[in-house]
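Enquirer: Any chance you could fold what I've pasted below:
(3 chains)
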Amino acid sequence: MSMKKASVSKRRREPLTDSQLLMTITIGIFAVMYAAAMIFMGGGFLRTQQFFDLLNDNAALIIISCSLTIVMIGGGINISVGGVIGLTVMACALFLNNSGIQNGPLGILLTLLLALGIGLAFGVLQGFLISYLEIQPFIVTLAGMFLSRGLTTMLSVNPVKVTHEGFLALVKNRLAIPWLGYTAKNGNLIPAKLEIGAVVALLIVVLVYFMLRNAKLGRHIYALGGNQQSALMLGINVKRTRFISYVISGLLSGLAGFVFLMHKPAGNASVAMRSEMDAIAASIIGGTLLTGGVGNVIGTFFGTMILATIQKIIALSPLNESWWQEMANGAMLGLFILLQSVVLSSRKKKARTTS
Amino acid sequence: MQGDAVLTMRGICKSFPGTKALNHVDFTLRKGEIHALMGENGAGKSTLIKVLTGVYEKEEGSIHIEGIEGEAHIHSPQDAQNAGISTVYQEITLCPNLTVAENMFIGRDEEMVVHWKDYEKKAAAILNNLGIPARPRQELSSCSLAVQQMVAIARAVDMNCKVLILDEPTSSLDEKEVEMLFGLMRDLKNRGVGIVFVTHFLEQVYAVSDRITVLRNGELVGEYPVQELPQVELVAKMMGKDLNDMAQLEQLGQKSVPGEETVYEAERLSSSDSKPFNFRIRKGEVNGFTGLLGSGRSESVRAIFGADRVTGGRVKVHGKEVKIAKPHDAMKNGIGYLPEDRKRDGIIADLSVRDNIILAMQVMKGFFHPMRRSDMEKFADEYVKALSIKTASKDTPVGSLSGGNQQKVILARWLLTHPDYLILDEPTRGIDVGTKLEIQKLVLKLAEENMSVTFISSEIEEMLRTCSRLIVMRDRNIVGELTGDELTQAHVMKTIAGGVRQ
Amino acid sequence: MNKRIIKKGGVGQLLIPLVALAILLIFNLIRDPGFYSIGVAVNNSGNKVLTGNIISIIDSASELAIIAMGMTLVTAACGGQDISVGAVGTIAGSIFVKTLKAFPDINFGTLILAILACCLVTILFKSFNGALVAVFKIQPMIATLILFSCGRSIAYWIVGSATPQIDSPIINSMGMTIPGIPIPTPIFGVVLVGLILTLIFRLTTLRLYTESVGVNQGAARLNGINPVGIKMLSFVILGICVAVAGIIGTCRMGQVSHKTLLIDIEMDAILAVAIGGNNLGGGRFKISGSILGAYIIQMLTTTLLAMRVDPVNIKAYKAIVIIIIVMAGSPVVKQKLTALWHRIRSGGLKPASAKGVN
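Expert: Here you go, the predicted structure:
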């Protein structure tokens, strides 16, 4: 009898959690938005390549958004990610041009290690200050942002174009998927092409998804963001968990820098300027709460895609000006924030009346 | 270390700035016993438990645990878990955003990857076994507080622990659930688990415990088998007073005789959290609301004060119809309210004792009429003295005071406004017996001075001693009103259990 | 824990920023005593003005100090920070210029009108932020992220061209100096806002209410305080501060550039609040700390410039100094240092007890 009851309760579908609900809304809105673009703007939006271009252009943003989601679920914030991208891009560009290791794969590998090393250094330093010295994450990562931007201009105030042939050759590689392509007017099949960076970004999304869902570390991060005191009492090493979340965030920022360089092989003092705010916005649109404990990286991915789609739509429309772009982003963000607030508070009210 | 001891603590010392929380305390827990740890607030029970569970680091002393060679080193809750000590705290220490199953297993496994299916299967079996009405995949925040507490217990029970610590686990459970918990405790005891049981309810101690250790002011008073320590003596030991003083407890003084004038009257008053009810109180009357936890007694008085959203009803103060929609309206009409949850709703922890005392009076004076500094000091001095609030200075943040003194500060806050009608919701909860007595005396004195008081307490004897009228609630409805000779414990119980709806 | 609470309230809060400022002052004194020389020069419009690094520091920090004051209130009441102050300040600048341009010439009357228009608009925008925070219970940083990302675009849209200029002696005297008074006018702006806030704290119960709401808004409500009102009010006051800062910034430049006006000031203002020893989680606050923080940040920048550090690299050095200051104020660091000190002192005598503590 009791066994039967258990199996019944297991099969029963649980109501959506806050995080799942918010994610579902985000995916729904993305679908509607993309469909509307297909109907009203036609052209490029009808081709898979358009979607792939969104991925190609925003690979680095997707990666740092994932990193922000991890930190935010743990109840923290990291606004140094954009700065770390800028620094990594500049350092890697200079390294490729000046290190003397010409054209071989070794040079590229070392550059990747350099990128990850810079990210790791920022992650470890910030994580230490935040977790072990208990300094406000906002202030620490703000200092991190200043430091990385300052170091970038110290390396070079002028733009640095990558001249390393091996790297430039690597960058040209595309993952071509013929069956998602289209037939051009002259009858040639043009396959849909995905850049390496986009593939990396998608891999990171999947990896982070499973890390957050199935790894011990991921669950500890959720517990930490849900209630730090409880997490401690449940036997979780709160400080170490928080530290690692910032280290991962740093590493991912470094990787994002490398991916950015693969998309645009040139260093520049203003690379990824303010992208930390886009990443925060993407996480929020995807259903991550700044208060911690709630969030989902799949939602974040679609959050990024929503921002990217708006950008594309405006770029293709007669309103192609940067200030329209910003206004649309702000409006979209406002809409989502209000929607989330209304949805969550109505759920809370419902839960209270039923209990 | 005795042969059958599972846990031995010797000479434990721990101090906080300004106080010695534990002073060479010994504690021994034997295999298969339920050991009550008793003491008033600030006696050091919580500190001792937190030292044992690795939340605090001890300064001196040693801990030995059966099966561990030499001294046990416990520096974190994780260490404690690994040493076979599991704990259920008074506050829910689970994560609301995780599932029930996850809350039962997180922080215990050493594997890098979470096996959800295993978790859920194991959790379902345990929940079923213990009869806990929760589903493994349910988010914890969607469970009621009592169920959450049971989940915490389920987690602790499943850990195959040698030592189980229950730190006031019963405060959010109703009678039936408490019985279930006791059954569980006896079962574990028979399996050889040593259980440390901390509670404020004396009857519960005598219902399940084998042995009692009493602490006072951070020092060990003694360890006694339960049958050798009658209840009165236990209280005396906890308070450090002899039996003659205890007689005072029984005779507080005369109950006041209420006047004729009706001070407050509500007709079909309802709020977002309470059902419509009628209520009136006369000048100089002390009445009480009683009922089980969740019966709606707190919600009713909150509705009177306008603390929740008022949804309907008519209210008369001194016979004049008024509108009370928010706390400020109630205050303007001479009503004061000491909330049930002192930490959450009462004190402003970081602010000074002085600011906390003058707060309500300042609000009544209005935004554009700040009080003079000298007035603030004068009022604060006056009430610190009148209520003998123990504080280092008036500038001390109220959060660093003991529970009883915090409660006195909030009392002072409302007394300063000279209300006609004062609502005290659980003013004696979680504070030491001495202060409890003081507060009850104060209530009677206020009534003598023609103030109307509503006094709510979980301990019925306290209400029987102070109130001249008791309103009994069940399932958010008033089911009876007792006065005069009806004010006996038996009568109250009977009304709670089977009273007819008004 | 208790110790931390006690420390936060007292004068001790100002200790770290005061020490930081003193170290900067002494450092400059040793580096170059001439750093402190104050001279009198004649500027382009023929006015006598005071010159020197100290004057320049106090002058240039004006916008930051004014915004930091408002930011302190919002932080205290809402337990979060407003990151849209720079953007909304730019909107204020745009409204200012737009209003002035609507009239044929700039005189005292139109100036007052423009200032009022500015304040009205910033109050509206900040009330929007305040409503999101107080009514919809959205975290301040998220609620203000909206205007952070589109505020400057709104400013651009208002004025309709990239950098509209305004040129008038009145504007010059607002941004630089008033003829006959050698002290830069923006400094008077700081004094004025500071005095008004002091007056508000004197004549109302704003401080007590704000701190109560910041520490425990549920309890504050049960004592008859309206938390929504107090939070809104903090945003409104910040709005006025932002308007004043925006006007000063615009007058200083004689133009409004939506890309550079008050750029990154939100970050500096939050830093100033933190350096001033205020808890970013809300509750008790000291506005004087934040003002001190603002001058420390500006002092640091000026010192680095005087040391011939390339302006674009200043951020890196600033980051390091900021970390040192917040570390010095961190309770954990303090605790660890005291423990270490005790261990060193008693280490030689009682190694056993040191081990016990550990």
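Enquirer: if I pick the residue in the stretch 201-350 of chain C that chain A sits nearest to, what's in contact with it?
Expert: Of all residues in the stretch 201-350 of chain C, C:Ala316 sits closest to chain A, at 2.5 Å by CB to the nearest CB. (Each C-beta comes from the backbone N, C-alpha and C, glycine too.) Neighbour list for C:Ala316: A:Phe146, A:Leu147, A:Arg149, A:Gly150, A:Leu151, A:Met154 [criterion: CB atoms under 8 Å, 6 or more residues apart in numbering or on different chains].
Enquirer: now with 6 Å?
Expert: By CB atoms under 6 Å, 6 or more residues apart in numbering or on different chains, the contact set of C:Ala316 is A:Leu147, A:Gly150, A:Leu151.
Enquirer: Quickly find the element holding the second one.
Expert: Take DSSP states H and E as the rule and A:Gly150 turns out to sit in helix A:137-155.
Enquirer: Show me the contact partners of that helix.
Expert: By CB under 6 Å, 6+ apart, helix A:137-155 touches A:76-80, A:83-84, A:86-87, A:90, A:94, A:122, A:126, A:129-130, A:269, C:267, C:274, C:312-313, C:315-316, C:318-319, C:322-323, C:326.
Enquirer: ok, and the most crowded of the contacts of C:Ala316?
Expert: Counting neighbours by other CB atoms under 10 Å in any protein chain shown, A:Leu147 comes out on top of the contacts of C:Ala316 with 25 neighbours.
Enquirer: Look up the pLDDT of it for me, please.
Expert: For A:Leu147, the pLDDT comes out at 96.
Enquirer: pLDDT weak spots in the stretch 201-350 of chain A?
Expert: Where the stretch 201-350 of chain A drops to pLDDT under 70, the residues are A:349-350.
Enquirer: per-residue pLDDT, the residue in the stretch 151-300 of chain A positioned nearest to chain C?
Expert: Using CB to the nearest CB, A:Thr153 is the residue of the stretch 151-300 of chain A that sits closest to chain C, at 4.0 Å. As predicted, A:Thr153 sits at a pLDDT of 95.
Enquirer: now it: how far from chain B?
Expert: Relative to chain B, A:Thr153 is positioned 41 Å away (CB to the nearest CB, to the nearest Å).
Enquirer: and that residue, how many residues sit next to it?
Expert: Neighbour count for A:Thr153, taken as other CB under 10 Å: 21.
Enquirer: Name only those of the contacts of helix A:137-155 that count as buried.
Expert: Buried members of the contacts of helix A:137-155, counted by 16 or more other CB atoms under 10 Å in any protein chain shown: A:76-80, A:83-84, A:86-87, A:90, A:94, A:122, A:126, A:129-130, A:269, C:267, C:274, C:313, C:315-316, C:318-319, C:322-323, C:326.
Enquirer: C:Leu340: neighbour count?
Expert: The number of residues packed near C:Leu340 is 11, by other CB under 10 Å.
Enquirer: That one looks like it's in a strand, true?
Expert: No. Assessed with DSSP: H, G, I helix; E, B strand; the rest coil, C:Leu340 is helix; it does not lie in a strand.
Enquirer: got the contact list for it?
Expert: Not one residue lies near C:Leu340 by CB under 6 Å, 6+ apart.
Enquirer: Model confidence at the residue in the stretch 251-358 of chain C that chain B sits nearest to, what's the number?
Expert: Minimum separation of the stretch 251-358 of chain C from chain B (CB to the nearest CB) falls at C:Gly283, amounting to 4.9 Å. For C:Gly283, the model assigns a pLDDT of 93.
Enquirer: That one touches B:Asp350, doesn't it?
Expert: Yes. With contact defined as CB atoms under 6 Å, C:Gly283 reaches B:Asp350; the gap is 4.9 Å.
Enquirer: list residues touching both of these two?
Expert: What both C:Gly283 and B:Asp350 touch, as defined by CB under 6 Å, 6+ apart, is the set C:Val215.
Enquirer: The stretch 101-250 of chain C: strands as residue ranges?
Expert: Here the stretch 101-250 of chain C has no strands by DSSP state E, counting those that start in this stretch.
Enquirer: Would you mind listing what in it touches chain A?
Expert: Within the stretch 101-250 of chain C, the positions lying close to chain A (CB under 6 Å from any CB of the partner chain) are C:Phe136, C:Ile138, C:Gln139, C:Ile142, C:Ile146, C:Ser149, C:Cys150, C:Ser153, C:Tyr156.
Enquirer: Recalculate using a threshold of 8 Å.
Expert: Within the stretch 101-250 of chain C, the positions adjacent to chain A are C:132, C:136-139, C:141-143, C:145-154, C:156-157 by CB under 8 Å from any CB of the partner chain.
Enquirer: Selecting buried members of the residues you listed in ChimeraX, what would you type?
Expert: Restricted to buried positions by 16+ other CB under 10 Å, the ChimeraX selection for those reads:
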select /C:132,138,139,141,142,143,145,146,147,148,149,150,151,152,153,154,156,157
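Enquirer: so where's the stretch 151-300 of chain B shaky on pLDDT?
Expert: Looking at the stretch 151-300 of chain B by pLDDT under 70, you get B:172, B:241-254, B:293-294.
Enquirer: For chain A, just list every one of the strands.
Expert: A:160-161, A:174-183, A:189-195, A:266-267 (DSSP state E).
Enquirer: Could you export these as a markdown table, including mean neighbour count and distance to A:Arg219?
Expert: Output for the strands of chain A, formatted as a markdown table (neighbours: other CB atoms under 10 Å in any protein chain shown; distance: least, CB to CB, whole Å):
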| stretch | mean neighbour count | distance to A:Arg219 |
| --- | --- | --- |
| strand A:160-161 | 17 | 42 |
| strand A:174-183 | 13 | 33 |
| strand A:189-195 | 17 | 32 |
| strand A:266-267 | 22 | 39 |
